[in-house]
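Q: no sequence on this one, just coordinates:
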């Protein structure tokens, strides 16, 4: 699976563990890194629904987009 970021600053933050830990702390950073690894390991979106706190559709102006929770 491929992860695309609309915001390049968010992509840089998510992909840099040191910056992620600095901004959100070690526990949240670990959860984000774990979730990114899970997403990358999935072959298709339906696999994400099987994860704990997995894929769920967004509403209103974000209709057609999906999110996953960290925990």
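A: Great, that's in hand. Values in this document were obtained by computation on a predicted structure and should not be read as measured data.

Q: list the residues that contact residue 65.
A: 57, 58 (C-beta atoms under 8 Å, 6 or more residues apart in numbering). From N, CA and C alone the C-beta is placed, and that goes for glycine too.

Q: kindly apply the preceding question to residue 58 instead.
A: The contact partners of residue 58, taken as C-beta under 8 Å, 6+ apart, are 64, 65, 66, 67.

Q: just residue 66 next, same as before
A: With C-beta under 8 Å, 6+ apart, residue 66 has these contacts: 45, 48, 55, 56, 57, 58.

Q: burial count for the second one?
A: Using other C-beta atoms under 10 Å, residue 48 has 17 neighbouring residues.

Q: gap between it and residue 22?
A: Distance, residue 48 to residue 22, using C-beta to C-beta, to the nearest Å: 28 Å.

Q: over to the last one?
A: In this structure, residue 58 lies at 28 Å from residue 22, with C-beta to C-beta as the measure.

Q: for the helix or strand containing residue 37, give the mean pLDDT please.
A: Using DSSP states H and E, residue 37 sits within helix 26-41. Helix 26-41 shows a mean pLDDT of 91.

Q: closest one of the contacts of residue 66 to residue 6?
A: In terms of C-beta to C-beta, no member of the contacts of residue 66 lies closer to residue 6 than residue 58, at 13.6 Å.
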